[in-house]
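K.L.:
what would the 3D arrangement of this be:
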Amino acid sequence: MKSNKITLVFLATFLLILGSCEDSLEIDAADSFTEEFVYSDINQVTSLVLTNYNSTESWGLNKTIWWSRRYNIENASFESKFNFRDLDRLALRRGWNPANVGDFNNKWRIYYSYIREINLFFDKIDDSQAAMDAPEEAEILKAEMRFLRANLYFKLTRLYGAVPLIKETVGFDAETFDIPRNTYEECVEYIVAELDAAAAVLPETRPATEFGRATKVAAMAVKSRALLYAASELHDPSTAPSGPLYDYTKTTKWEDAAKAAKDIIDLLGNRDLIAVANAEEYRDLFLEAHEDIIWARPYGSDLYDFGTDVNSLWNQTQAPSGYGGWALSSPTLNYVLQYNMADGTSTQEGGYDPMNPNTDREMRYYANLNYNGATFRDREVEYFLSEDVNVFPHGLDSPEGLGNTLHSSKTGYNIRKFQDESVGLTETSPGRPFILYRLAEVFLNYAEASYHTGDEAAALEYLNKVSTRALQPTISASGEELLEAIKRERRVELAFEGHNFYDERRWMNSENLGFDIKGLRWTKMTDGNVVPEEYTVITRPWFDRQYYLPIPLSEIEKAPSLEQNAGY
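P.N.:
The predicted structure is shown next:
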């Protein structure tokens, strides 16, 4: 085991160095000695496969950029903004261009680097000594690599639309290197076919020692998400941008998406989600392995997100400043208002008091958010400034408080979800997962797809399985009101899990993509009352071209057949 760990660390470091230094599709194969050594033994091949799990999402958006190893895509979504000095790290305010997309830089190169590594694996594995010695294990490893490659192509399509489908190792001569984009529909069909093939081979379950490795259900979950995205408004031929690079024309698209989700539900026995009694129990669901997790990336004392850089995990990077946290993501008030009241009414109805915004809110408000007055790590969060410091001092988490005050929240909120308060800010939690797919998402996928097929009964049933688990009253909406309830539930239930950036785009909700970002400014008055004031933190504009990232200029220059995305 120790030998395998050493080899895994070496290979991961090797791939990281290559990925940070080389252009996409231009990674040299390992030298013959290393290659022969790896493919001579099934344990070494397993270690090689495991390094490619680094292609999955994790706590940071982009491992090649220091800042974005420490926050994720929530700061480009409706959910939150990058907090430190209001920096435009994601280039959302100045607008993307083919030469610069802020902290999204290198995504194209990184994903295709992994695809090339996986293609190299398929070039070698069938004729290897390892496959001859352990053919059944080799077949499982091939299915895992097939799964990971399909997942990479899905991640490319949700950022760029149609991309080139490179299914085998590409040489360096100009003729083979200049590869055009496939159509979006071809990409989706390939992703689904590869996931179906992988699911047919992968085991349904894994032992605890293999937590985080692909299963049949994980492959089905990626397929469910991919088909839901493809069926959405953004990919309808009637919406702009349109054409083969963006459109999905299957007439059964919503039925296919519904079936993909229902197949998972049926395979798992059509059971309910794990019940919780309060916000603390709900919060714990994101700190440990459990049966509702379909696929996750495991982290703990033996495995960090980025080498031994523990401050890339969320305990420190997202905690309020007065605790020594970096508070890199500030949830927007615009988004926070999506959280209902405890009785199920919205914040647009009579029960919500803007002067007491933290009172009588739904359970997930208290589970997901740090707000002024929240009890966190044995004290109350204090975002307030004092009206008179001779009467009361400034709050510990305010711009005049403890720690690096440049990190004090600009919106009056920080992320509490994923925070493990049982360990210190710079300690790792044993076995804490970064959840990639879970059953609640599958229920919401099925609810949304069922709504669009006209099956409102099924949509309501599975929407309520999620909502009532969160202690909300049963929803009985229909028509457009039901669709909006499904969208709201996705925003709240899947908070900060990397969904909203894509959901608002595929729904084409431009009002949640460009908007005046609102926050709460708190003041402690001389009478002891703490009073909020709503204000505009900063304005995020919206450019229609930003439904997709541009193809990087460096890739267009190397491969003139690559057509640039609309508007760039």
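K.L.:
how many other residues sit next to the closest residue to E291 other than its chain neighbours?
P.N.:
Distance criterion C-beta to C-beta, 6 or more residues apart in numbering; nearest residue to E291, sequence neighbours excluded, is I274 at 7.0 Å. All C-beta atoms are positioned from the backbone trio N, CA, C, and that covers glycine. If you count neighbours by other C-beta atoms under 10 Å, I274 ends up with 16.
K.L.:
now do the SS call for I274.
P.N.:
Following DSSP: H, G, I helix; E, B strand; the rest coil, the label given to I274 is coil.
K.L.:
test my guess that it contacts E288.
P.N.:
No. I274 lies out of contact with E288 (C-beta atoms under 8 Å); the separation is 11.0 Å.
K.L.:
now the helix or strand that contains I294: average pLDDT?
P.N.:
Element membership for I294, per DSSP states H and E: strand 293-298. Mean per-residue pLDDT for strand 293-298: 96.
K.L.:
which residues sit against it?
P.N.:
Around strand 293-298, the neighbours that count as contacts under C-beta atoms under 8 Å, 6 or more residues apart in numbering are 53, 56-58, 211-212, 214-215, 217-218, 221-222, 264, 289, 431-439, 442.
K.L.:
list buried residues within those.
P.N.:
Neighbour counting by 16 or more other C-beta atoms under 10 Å classes 53, 56-58, 212, 214-215, 217-218, 221-222, 264, 431-439, 442 among those as buried.
K.L.:
for the protein, what helix or strand is lowest in average pLDDT?
P.N.:
In the chain, the helix or strand scored least confidently by mean pLDDT, DSSP states H and E is helix 2-21, which has a mean of 36.
K.L.:
for L444, see how far away the residue positioned nearest the centre of the chain is.
P.N.:
The centroid of the chain falls nearest to G498 when counting by C-alpha atoms, centre = their mean (2.6 Å). Taking C-beta to C-beta, to the nearest Å as the measure, G498 falls 14 Å from L444.
K.L.:
and if you look at R432?
P.N.:
Using C-beta to C-beta, R432 is found at 24 Å from L444.
K.L.:
same thing with S40?
P.N.:
For S40, the distance to L444 - C-beta to C-beta - is 46 Å.
K.L.:
which of those two has more residues huddled nearby?
P.N.:
L444 (26 against 13).
K.L.:
which residues does the more buried one contact?
P.N.:
L444 neighbours (C-beta under 8 Å, 6+ apart): 462-463, 466, 486, 489-490, 493-494.
K.L.:
so which of these belong to helices?
P.N.:
462-463, 466, 486, 489-490, 493 (DSSP state H).
K.L.:
show me where this protein has strands.
P.N.:
With DSSP state E as the definition, the chain shows strands at residue ranges 80-82, 293-298, 329-331, 369-371, 375-376, 379-380, 385-386, 413-415, 433-438, 515-524, 530-540.
K.L.:
now those strands in a markdown table, with distance to W507?
P.N.:
Formatted as a markdown table, the strands of the chain follow (distance: least, C-beta to C-beta, whole Å):
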| stretch | distance to W507 |
| --- | --- |
| strand 80-82 | 18 |
| strand 293-298 | 23 |
| strand 329-331 | 20 |
| strand 369-371 | 23 |
| strand 375-376 | 33 |
| strand 379-380 | 37 |
| strand 385-386 | 38 |
| strand 413-415 | 23 |
| strand 433-438 | 20 |
| strand 515-524 | 15 |
| strand 530-540 | 17 |
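K.L.:
for the protein, give me the ranges with low pLDDT.
P.N.:
1-33, 171-177 (pLDDT under 70).
K.L.:
switch the cut-off to 50
P.N.:
Applying pLDDT under 50 to the chain flags residues 1-32, 172-174.
K.L.:
scan it for its longest helix.
P.N.:
helix 135-160.
K.L.:
now the angle between strand 293-298 and that one, please.
P.N.:
90 degrees (axes from the mean of the first three to the mean of the last three C-alpha atoms, to 10 degrees).
K.L.:
give the buried residues for helix 135-160.
P.N.:
Using 16+ other C-beta under 10 Å as the test for burial, helix 135-160 gives 138, 140-160.
K.L.:
for that helix, name the packing helices and strands.
P.N.:
helix 42-51, helix 107-125, helix 184-199, helix 216-231 (3 or more C-beta pairs under 8 Å, 6 or more residues apart in numbering; DSSP states H and E).
K.L.:
fine, thanks again, bye for now.
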